[in-house]
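J.: Pasting the sequence and the predicted coordinates here, then a few questions.
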Amino acid sequence: ERHDTEKVRVGKIIVPVLKTISERERMFSLGCYPGVEFRIMRIFDEEGNEIFGSQPGADYEIRPIYPLVQQLEREWPVRVTEAEIPTMLTQTMYNFVSAVGSLFTAVAGLGTAFAISLAISLYFIPSKSMEPNLKVGDVLLVEKVSSKLTNGSLLKSGDVVLFRPPSRLQDVIVASGAKRIDDRDLFVKRIAAESGDVTKVDTTGSVFINGAKAEGNRGLCDTEPLRLIEKYIDPREEKVPAGDIFVMGDCSDVSVDSRVWGTLSKKEVIGRPLLRLWPPASFGAIPDLPSSNEKEGKEVSQAF
């Protein structure tokens, strides 16, 4: 797809990939890190003229679509020639190859690989709603078995879950002027209340569960200065129905969650993350929600 001008053009996302391990040092020196998602900022033809779509021999100005660990940051964008990128994949192709590759390297045989694909998958954090615990670009290893076998009976407050967008969430998205999300796209939130709990949401978005303020500190992320989330909040008091859960993002200022669209059926839960695989510096278990008495250290977010 390297010269597909619809898929490789200014504004699109590409992922450089190694062909051999010997290429790694050279690509790192260029700032064209293998496996990192870059947005194409500008393209130049062989004569130095700026063009919109890819063509043989082109140069690319690229920059990562998410912050990198400090050791990898540099002055962006960087300019690389087409010949310096061993393999260039589109974002969709890379995600597909990564998921399939991670499954097939762990097993021998197509049948076993298919069974594994039904049990685990990779998930890329797409938004700031779970910051600072899960950040944009983090990659999670998700297990999908327990929710199917138990109908969600093992889910409890504090668990992070991935789920299909319920119809009420779809309605909120469409009402905001955005396009309806594909049902295959998943959302990630943390369970704040279980079936039988009484939840109360006030006009500021604060949540009380069984008369007490919801546990955990959801104010450690960057603030959203215009408080746009408040216009979507649906103040109400209700008992979480049987078979449902009440979910919230770890960053209340930007999270569109059960405060807006109501409770979530456990049947919509697809899986739970086991580990954070990326970035390497954050590899390990999924962080718990900080306690309510942990000091807030907010900064103003520039991304509304």
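T.: Thanks, I have it.
J.: Distance-wise, check Arg190 relative to Arg74.
T.: Using Cβ to Cβ, to the nearest Å, we find Arg190 at a distance of 34 Å from Arg74. C-beta here means a position set from N, CA and C on the backbone, and glycine is covered the same way.
J.: Of these two, which one has the most company?
T.: Higher neighbour count among Arg190 and Arg74: Arg190, with 24 against 12, using other Cβ atoms under 10 Å.
J.: which helices and strands does the host helix or strand of that one pack with?
T.: Taking DSSP states H and E as the criterion, Arg190 maps to strand 187-193. Packing partners of strand 187-193 (3 or more Cβ pairs under 8 Å, 6 or more residues apart in numbering; DSSP states H and E): strand 160-163, strand 207-209, strand 244-248.
J.: Work out the sheet partners of the first one and label each with its direction, please.
T.: Strands that pair with strand 160-163, judged by DSSP bridges, come out as strand 187-193 (antiparallel), strand 269-278 (antiparallel).
J.: Give the rounded mean pLDDT of it.
T.: Mean pLDDT, strand 160-163: 93.
J.: continuing past it, what's the next helix or strand?
T.: Next in sequence after strand 160-163, counting helices and strands by DSSP H and E, comes helix 167-175.
J.: Are there helices or strands packed against that next one, and which ones?
T.: Where contact means 3+ Cβ pairs under 8 Å, 6+ apart, helix 167-175 is packed against helix 258-261.
J.: The helix or strand just after the helix it packs on: how far from the chain's middle?
T.: Downstream of helix 258-261, the first helix or strand assigned by DSSP H and E is strand 264-265. Here strand 264-265 is found 20 Å from its chain centre; the criterion is Cα atoms, centre = their mean, to the nearest Å.
J.: now do stretch 140-154
T.: Taking mean C-alpha positions (Cα atoms, centre = their mean), stretch 140-154 and its chain are 19 Å apart.
J.: contacting residues around it?
T.: The contact list for stretch 140-154 (Cβ atoms under 8 Å, 6 or more residues apart in numbering) reads 118-125, 134, 155, 161-162, 188, 243, 245, 266-267, 269-277, 286.
J.: Just the buried positions in it, please.
T.: For stretch 140-154, the neighbour count (16 or more other Cβ atoms under 10 Å) marks Leu140, Leu141, Val142, Lys144, Ser147, Gly152 as buried.
J.: The third one should be in a strand, yeah?
T.: In this case it means Val142. Yes. With DSSP: H, G, I helix; E, B strand; the rest coil as the criterion, Val142 is part of a strand.
J.: which residue packs closest to it, ignoring adjacent ones?
T.: Excluding the flanking residues, the one nearest Val142 by Cβ to Cβ, 6 or more residues apart in numbering is Gly271, at 4.3 Å.
J.: which ones are touching that neighbour?
T.: The contact partners of Gly271, by Cβ under 8 Å, 6+ apart, come to Ser121, Val142, Glu143, Lys144, Ser147, Val161, Leu162.
J.: What is the nearest of these to Thr199?
T.: Val161 (16.7 Å; Cβ to Cβ).
J.: For the closest one, which non-adjacent residue is closest in space?
T.: Closest residue to Val161 apart from its sequence neighbours, by Cβ to Cβ, 6+ apart: Val269 at 4.9 Å.
J.: Isn't that neighbour up against Pro166?
T.: No. If you go by Cβ atoms under 8 Å, Val269 and Pro166 don't touch, sitting 10.8 Å apart.
J.: Comparing the two, which shows the higher neighbour count?
T.: Using other Cβ under 10 Å, the more surrounded residue of Val269 and Pro166 is Val269, with 24 against 19.
J.: hmm, back to that, got TSV for the strands paired with strand 160-163, with mean pLDDT and distance to Arg259 too?
T.: Shown next, in TSV, are the strands paired with strand 160-163 (pLDDT from 0 to 100; distance: least, Cβ to Cβ, whole Å):
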stretch	mean pLDDT	distance to Arg259
strand 187-193	94	9
strand 269-278	90	18
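J.: how about these, which one is nearest Leu18?
T.: Short answer: strand 269-278, nearest of those by Cβ to Cβ, at 16.0 Å.
J.: returning to what we had before: what distance do you get for the residue nearest to Val142 to Leu155?
T.: Remark: distance between Gly271 and Leu155 (Cβ to Cβ) = 11 Å.
J.: Name the residues contacting each of the two.
T.: Ser147, Val161.
J.: Over to Leu149: give its phi and psi.
T.: phi -80, psi -30 (degrees, to the nearest 10).
J.: Any idea which helix or strand in the chain has the lowest mean pLDDT?
T.: Least confident helix or strand of the chain, by mean pLDDT, DSSP states H and E, is helix 110-119 with a mean of 56.
J.: Please name the nearest non-neighbouring residue to the spatially most central residue of the chain.
T.: Centroid-nearest residue in the chain: Ile125, 1.2 Å away (criterion: Cα atoms, centre = their mean). Among residues not flanking Ile125 along the chain, Asp138 sits closest, at 4.4 Å (Cβ to Cβ, 6+ apart).
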